[in-house]
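Novice: Sequence and predicted structure below; questions after.
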Amino acid sequence: MAEAAISFLLDNLKQLVVHYSTLIASTKSEVENLGKVLERMKSVLEENVSKTYKRKDFKTWEKQIREVVYEIEDVFDEWAIQAANDSSRRFKLSLSRLDLAEEVKRIREKVESVFKQAMLEFNTLPMSDVADEQSRNANRIRQIELPVDKQIVGFEDAIDELIRDLKMESSEVEVISIVGMPGLGKTTVASKIYNDRTISFEFTKLIWINVSEEWNKKDIYLSILKKFTTDDMSSESESCLAKKVTEKLNQVKFLLVADDIWTVPAWEAIKESLPMKKGSCKVLITSRDDQVAKKANPWREPYHLRFLDDEESWKLLQMEVYGGEGRWPKEWEGIGKKIAKDCGGLPLALVVVGGILVKKISTPDATRNAWTKVSKSVVEYTMAHDKGRIMEKIIALSYEKLPYHLRDCFLYLGVFPEDFEINTWNLKCLWIAEGFLMKGYETSSLEEIADENIKELIDRNLVMVCKTNALGEAKTCRVHDMIREFCKKEGHELNFAQEIKKVIRHGDFDPKVSEIHKFRRVCIHSSIVEFFNEKPVGPHTRSFLCYSKQGINVPSESLSPFFKKFPLLRVFEGNTMKISKIPKELLKFIHLRYLSLAGGDNFKVLPENIGKLWNLQTLVITTSSRTFEIKADISTMERLRHLKTNVAIILTKDKKSAPNKNLQTLSWLSTSSCKDEVLSNSPNIKVLGIHGDLDTLLNNVNLQKLACLTKLKLIYYGRVTDAMSKLPEPIFFPQNMKMLSLSATKLDWCNMRILSMLLTLEVLKLQEHAFKGEKWDDSGDGFHRLHSLQIERSDLVTWTISESSFRSLGSLVLKNCEKLDAIPLGLAKTLHTLEIERVTVSVVHSAVDIENEKEKNPEKQSIAGRKFKLRIAPGDLKNMENQQLQS
């Protein structure tokens, strides 16, 4: 949103005043006056954005504010580049300080004019019907959900399971939640359950209430009471109505379906009137937000509706277009199946596109041509040709409910390619570099705030988790194509971001390369070299992102002219573009905050001048070289937060200097560069990866002094032997370390005694023969706080544990343990997740035994409301089945 852009600008202005304090002295008062105007504008936006965002006039005002903020940024950033690059005395004395002061004054007056005019118009906007408009939109969208009398596709198992759970006896009112992203069919499933005959026999009173995003207690209570009486009670108070609801519900065995609950306060309003101690009564709620479900029943996991698979999607599309299966013309079946697949398993998308296809049925040739056109870009076509804008509206409802600090973060998801698996670590670093995150609490880092934002978008079912880390946190995620298309469209309207695509039909880029200068953020995911050869010009572009499916070799003669024409870049994501060396033009980008580069065998060195990029926060390097040399003194790069490579870093400048208190990630650092001087210069480092001869390292460096370090990753690469001799005593390790990863160390299993004594250790990853030997006998009393254990590629045969060890182990992953005879049954008491792949049949049997043990003892079934989950790789399952057939 515009207020996020203003916040970022204000922060930049403060940094500029500090960094160029001498040069900017005569302009300081004008800068401060401009800052005051922007602060007022920001506070007005924050106060009113949620009230009137849907109004076109407000959206126009927001765009105007963005544009004027962008203009201010350009003036200051261009001036800063001139100041940094021109070191002559003439510049220092006459830099046009007066010109700068005049520019700042001119812009301040322009901002004040825009602000005053907008306030005049804004204050005249009628506010009273906003809630009504939102409610009308919500009701319209609800009406186009799959009708209850239609056959359900794909949710039969979900409905059966939920009905079974609703019929189960309970000592008090039990709440069961259905959650999922917009358009997934939550209301449809709830309706089918509500109208099921067995449910009507089970409960003496069935009640359905529509809550929606605009609600009030009185309407909720009156809706419930209508099921008991025809009396008009609208004049009574909320408290009186709540008491009457409680009295009426106490007299019956009821099922209350509360559809479309958006917020926790809405649930709490319902709960106030419920006789929660009444047994065998049930409440079924639907929501887009996981937090609502977790608040309604912390002891029960919400039921997450899944997406339809390809077969189910095809079936539903046939029903929508032809009223049933088998009626689709055979010659058009390929087109139909592609359209169904491209809807991404979202039922509402299939219903909408089905309606579009029906309207295009005419003569065979015309129908085929029209449907072929739809099939070439299903998502874009659906969003553009959906006359009721149903898909857009249903996503917009969620978007408009987002708090203002989340909206830019959400729209940013549109810069990634279709079906792209987004690394959440990279996403956090990008958000920080873009300035979307502002510190709200002194104790929270920007990374922690970014973590919370990702969690909130996931809880709101706008982002889907693909992979999790050992602690269950999102490691990668993605968005549905419909949501991505919404983000792209909204981002384009606000000049927030623009995707560039090569249109195969006529061979041109869309939009044209000549229009690039208009866009603030540019993303392109194919035809990269051709794009560079068109010599684009982006004097105002701040972000350039490329996520090609395959690595692309980009010659320096193509890249150098690009950097000359994009002088104000803050973000350059080029990890899929392979270069041989860093273009010298890039080393002048003083505004660069995020830089991701990749290269082949010849990409080996980061030049010393990279240290002049004083704004750089994140540096990511991917290379085919065995090592990567950094000639710059990273301790002088004051804003550097994350330095991440895929190979060992060799630091040629590691002298003792002033500490870099911002540096949090340093991975992978070669053992030759892991010296006390380097570690002393990085006192707040949280993630450290070390690669090389670890025996040499342990004899020279003590990691205990790294008080902030929580994640330590060690890969052994020895010159003399291929195995690490031993682990150091516990005192060597960082005192707050939560995660330890060991790879290729080939230690004897007796060294596990050391690790068992690490009192803060929660996650342990043992990869690529981290330990060697056939027997691990853990007969001690350790690993008390260990939550997650992962063993990958091991020759372990026998593993035994004592009753007092692994008291907190919830997750166990075993991969490529092809000699292990069994999993200790004693782990069953705490495990909630067990994953096995490429293991012996006997390990598969022991995993099944643990699952059976959980089922026999329901009290062991879950910890903190988490049901036990067993994941067995298909190949291992097949091996077990073959053995059973042979026996």
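Specialist: Looks like it arrived, so ask away.
Novice: helix, strand or coil for Leu568?
Specialist: Under DSSP: H, G, I helix; E, B strand; the rest coil, Leu568 falls in the coil class.
Novice: Ok, the one 5 residues further on next?
Specialist: Per three-state DSSP, the secondary structure class of Glu573 is strand.
Novice: That one contacts Leu597, correct?
Specialist: No - using Cβ atoms under 8 Å, Glu573 is not in contact with Leu597, being 9.4 Å away. Just so you know, the C-beta spots here come from the backbone N, C-alpha and C atoms, and that holds for glycine as well.
Novice: residue contacts, the closest residue to Glu272 other than its chain neighbours?
Specialist: For Glu272, the nearest residue in space outside its immediate sequence neighbours is Ala242; the separation is 5.5 Å by Cβ to Cβ, 6 or more residues apart in numbering. Taking Cβ atoms under 8 Å, 6 or more residues apart in numbering, we find Ala242 in contact with Lys217, Tyr221, Glu272, Ser273.
Novice: I'd like to know which helix or strand in the protein has the lowest mean pLDDT.
Specialist: Lowest on mean pLDDT, DSSP states H and E among the helices and strands of the chain sits helix 89-94, with a mean of 41.
Novice: Which SSE is immediately downstream of that helix?
Specialist: Per DSSP states H and E, the first helix or strand lying C-terminal to helix 89-94 is helix 97-123.
Novice: Show me what that next one is packed against.
Specialist: Secondary-structure packing of helix 97-123 (3 or more Cβ pairs under 8 Å, 6 or more residues apart in numbering; DSSP states H and E): helix 28-52, helix 56-85.
Novice: Out of those, which gets the lowest mean score?
Specialist: Within the helices and strands packed on helix 97-123, confidence is poorest for helix 28-52, with a mean of 70 (mean pLDDT).
Novice: what ranges of the stretch 101-250 of the chain fall below the confidence cut-off?
Specialist: Counting by pLDDT under 70, the stretch 101-250 of the chain shows low-confidence ranges at 118, 121-151.
Novice: sorry, back to before: any idea which helix or strand carries the residue nearest to Glu272?
Specialist: Applying DSSP H and E, one finds Ala242 within helix 238-249.
Novice: show me where the stretch 351-500 of the chain has strands.
Specialist: 422-423, 464-468, 474-478, 498-502 (DSSP state E, counting those that start in this stretch).
Novice: Adding distance to Pro302, mean pLDDT and mean neighbour count, write the ones you listed out as CSV.
Specialist: CSV is the format used below for these (distance: least, Cβ to Cβ, whole Å; pLDDT from 0 to 100; neighbours: other Cβ atoms under 10 Å):
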stretch, distance to Pro302, mean pLDDT, mean neighbour count
strand 422-423, 23, 97, 19
strand 464-468, 14, 93, 14
strand 474-478, 17, 95, 19
strand 498-502, 34, 93, 19
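Novice: Make JSON lines out of those strands and add distance to Asp451.
Specialist: Output for the strands of the stretch 351-500 of the chain, formatted as JSON lines (distance: least, Cβ to Cβ, whole Å):
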{"stretch": "strand 422-423", "distance to Asp451": "14"}
{"stretch": "strand 464-468", "distance to Asp451": "13"}
{"stretch": "strand 474-478", "distance to Asp451": "9"}
{"stretch": "strand 498-502", "distance to Asp451": "27"}
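Novice: what about those strands, which gets the closest to Phe562?
Specialist: Proximity to Phe562 (Cβ to Cβ) singles out strand 498-502 among the strands of the stretch 351-500 of the chain, at 12.9 Å.
Novice: average model confidence for whichever helix or strand comes after the closest one?
Specialist: Next along the chain after strand 498-502, taking DSSP H and E as the criterion, comes strand 509-510. Average pLDDT, strand 509-510: 92.
Novice: Can you tell me how far the residue most central in space within the chain is from Asp309?
Specialist: For the chain, the residue nearest the mean C-alpha position is Ile454 (4.5 Å; Cα atoms, centre = their mean). Ile454 sits 27 Å away from Asp309, going by Cβ to Cβ, to the nearest Å.
Novice: Just put the helices and strands packed on helix 97-123 in CSV and tack on distance to Asn461 and mean neighbour count.
Specialist: As requested, the helices and strands packed on helix 97-123 are exported to CSV (distance: least, Cβ to Cβ, whole Å; neighbours: other Cβ atoms under 10 Å):
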stretch, distance to Asn461, mean neighbour count
helix 28-52, 20, 16
helix 56-85, 25, 17
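Novice: Low-confidence stretches in the stretch 251-400 of the chain?
Specialist: Along the stretch 251-400 of the chain, the model assigns pLDDT under 70 to residues 386-388.
Novice: Okay, helices next: where are they in it?
Specialist: For the stretch 251-400 of the chain, the helices defined by DSSP state H, counting those that start in this stretch cover 264-271, 290-296, 310-322, 333-342, 347-359, 364-376, 378-385, 390-401.
Novice: which helices and strands sit right next to the last one?
Specialist: Here helix 390-401 touches helix 130-143, helix 347-359, helix 378-385, helix 481-493, going by 3+ Cβ pairs under 8 Å, 6+ apart.
Novice: cool, and the third one?
Specialist: Contacts defined by 3+ Cβ pairs under 8 Å, 6+ apart place helix 310-322 against helix 333-342, helix 347-359.
Novice: Determine which stretch of the ones you listed is the most buried.
Specialist: Ranked by mean neighbour count under mean count of other Cβ atoms under 10 Å, the helices and strands packed on helix 310-322 are led by helix 347-359, which reaches a mean of 22.
Novice: That one relative to helix 481-493, how many degrees between them?
Specialist: Angle between the axes of helix 347-359 and helix 481-493 is 80 degrees (criterion: axes from the mean of the first three to the mean of the last three Cα atoms, to 10 degrees).
Novice: separation between Ala242 and Ser223?
Specialist: Ala242 is 13 Å from Ser223, by Cβ to Cβ.
Novice: next one: Leu592
Specialist: 56 Å.
Novice: Look at those two and report which has more neighbours.
Specialist: Leu592 (24 against 16; other Cβ atoms under 10 Å).
Novice: could you list every residue that touches the more buried one?
Specialist: Residues near Leu592 by Cβ under 8 Å, 6+ apart: Leu569, Arg570, Val571, Phe572, Leu586, Leu613, Asn615, Leu616.
Novice: Touching stretch 676-691 from outside, list them.
Specialist: Identification of contacts with stretch 676-691 by Cβ under 8 Å, 6+ apart yields 634-635, 647-648, 651, 654-671, 674, 697, 701, 703, 705-715, 717.
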